[in-house]
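> model this:
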Amino acid sequence: MHYGCIVSSLLMIINTEKLVRSFEVGTQKIDALRGIDLSVEKGEFISIMGPSGSGKTTLMNIIGCLDTPTSGNYYLNNQLVNNLDDDALARIRNKEIGFVFQSFHLLAKNSALSNVMLPLKYAGTEKNEAEQRAKDVLKQVDLTDRMQHGPSELSGGQQQRVAIARALVNKPSILFADEPTGNLDSKTGEDVMNLFKNLNEEGQTIILITHEENIARQSKRIINIKDGLIESDSKI
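Next up, the predicted model:
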């Protein structure tokens, strides 16, 4: 193998080859993805855009190891993952991937600190280490003074920051954000986007799903999906 190819493969986090995902709806077959070829390098900040039903969420579910393709190959950190069973996919999700959603999905009766510690608890991390790592990422998202507050005591922007801290606590290879500003006012949404940009400057790979052009343009590369295919792929 040529030296340049070796370097390229080391930098590549995501590589898909002709991804197809079909669903049976009654007697009808729906092709949500119709042959997606996508490569993402370490440290990229990408927005995936597309109208409702374009396939962008289906694509995120597959590259986020929440679903598997009907056909085609998906490599995550050079490991073929599309043929793994549910338990193996769950282990990869917990180790390699962090998710941030439009709805914050915080446990109402748990403090910010406890919410952030949850992925480490599932991973079997020792309690003292888990608590320290959770405190570190809460500091990273500027919530040191709100660690013991529950979700009801936090603003929408603060709740999203807790969700981002929870997504970061396992030091994921990729941070997925699905419409992360959708439930926030414009000022708070701007603060959250600034946080993503800071995380990306520190080396975090981020893939953002959005339908908002002004949000997408704050990333460094925009991929437009239409009818299950990549319509355009451009760097900003």
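
> pLDDT at the residue positioned nearest the centre of the chain, what is it?
Nearest residue to the geometric centre of the chain (C-alpha atoms, centre = their mean): residue 176, 1.0 Å. For residue 176, the pLDDT comes out at 96.

> Counting by contacts, list what the helix or strand harbouring it packs against.
Residue 176 belongs to strand 174-178 when assigned by DSSP states H and E. Strand 174-178 is packed against helix 56-63, strand 97-101, helix 156-168, helix 186-201, strand 205-209, with contacts defined by 3 or more C-beta pairs under 8 Å, 6 or more residues apart in numbering; DSSP states H and E. (Each C-beta comes from the backbone N, C-alpha and C, glycine too.)

> so how far is that strand from its chain's centroid?
2 Å (C-alpha atoms, centre = their mean, to the nearest Å).

> Which residue ranges of this structure form strands?
Applying DSSP state E to the chain gives strands spanning 12-25, 28-41, 45-49, 71-76, 79-80, 97-101, 174-178, 205-209, 221-226, 229-235.

> Export those to a markdown table and append columns for distance to residue 187.
Formatted as a markdown table, the strands of the chain follow (distance: least, C-beta to C-beta, whole Å):
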| stretch | distance to residue 187 |
| --- | --- |
| strand 12-25 | 32 |
| strand 28-41 | 30 |
| strand 45-49 | 20 |
| strand 71-76 | 35 |
| strand 79-80 | 41 |
| strand 97-101 | 19 |
| strand 174-178 | 18 |
| strand 205-209 | 19 |
| strand 221-226 | 23 |
| strand 229-235 | 28 |
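
> Identify whichever of the ones you listed lies nearest to residue 151.
strand 97-101 (14.0 Å; C-beta to C-beta).

> In its sheet, which strands sit next to the closest one, and in what direction?
strand 174-178 (parallel) (DSSP bridges).

> tilt between the partner strand and helix 56-63?
With axes from the mean of the first three to the mean of the last three C-alpha atoms, to 10 degrees defining the directions, strand 174-178 sits at 150 degrees from helix 56-63.

> any residues touching strand 174-178, and which ones?
With contact meaning C-beta atoms under 8 Å, 6 or more residues apart in numbering, strand 174-178 is reached by 13-14, 40, 57, 60, 63-64, 96-102, 164, 167-168, 196, 199, 204-209.

> for stretch 20-28, which positions count as buried?
Buried residues in stretch 20-28, counted by 16 or more other C-beta atoms under 10 Å: residue 21.

> residues in contact with it?
For stretch 20-28, contacts defined as C-beta under 8 Å, 6+ apart pick out 29-36, 55, 58, 62, 67, 69-72.

> What would that stretch look like as PDB? C-alpha coordinates only.
These are the backbone C-alpha positions of stretch 20-28, laid out as PDB (Å, rounded to 0.1, in the frame of the first residue of the first chain):
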ATOM      1  CA  VAL A  20     -28.800   1.200   0.700                       C
ATOM      2  CA  ARG A  21     -31.600   1.200   3.300                       C
ATOM      3  CA  SER A  22     -35.100  -0.100   2.300                       C
ATOM      4  CA  PHE A  23     -38.200  -0.400   4.400                       C
ATOM      5  CA  GLU A  24     -41.300  -2.400   3.800                       C
ATOM      6  CA  VAL A  25     -44.500  -0.300   4.400                       C
ATOM      7  CA  GLY A  26     -47.400  -2.600   3.800                       C
ATOM      8  CA  THR A  27     -46.900  -4.100   0.400                       C
ATOM      9  CA  GLN A  28     -44.700  -1.200  -0.700                       C
END
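
> What mean pLDDT does it get?
93.
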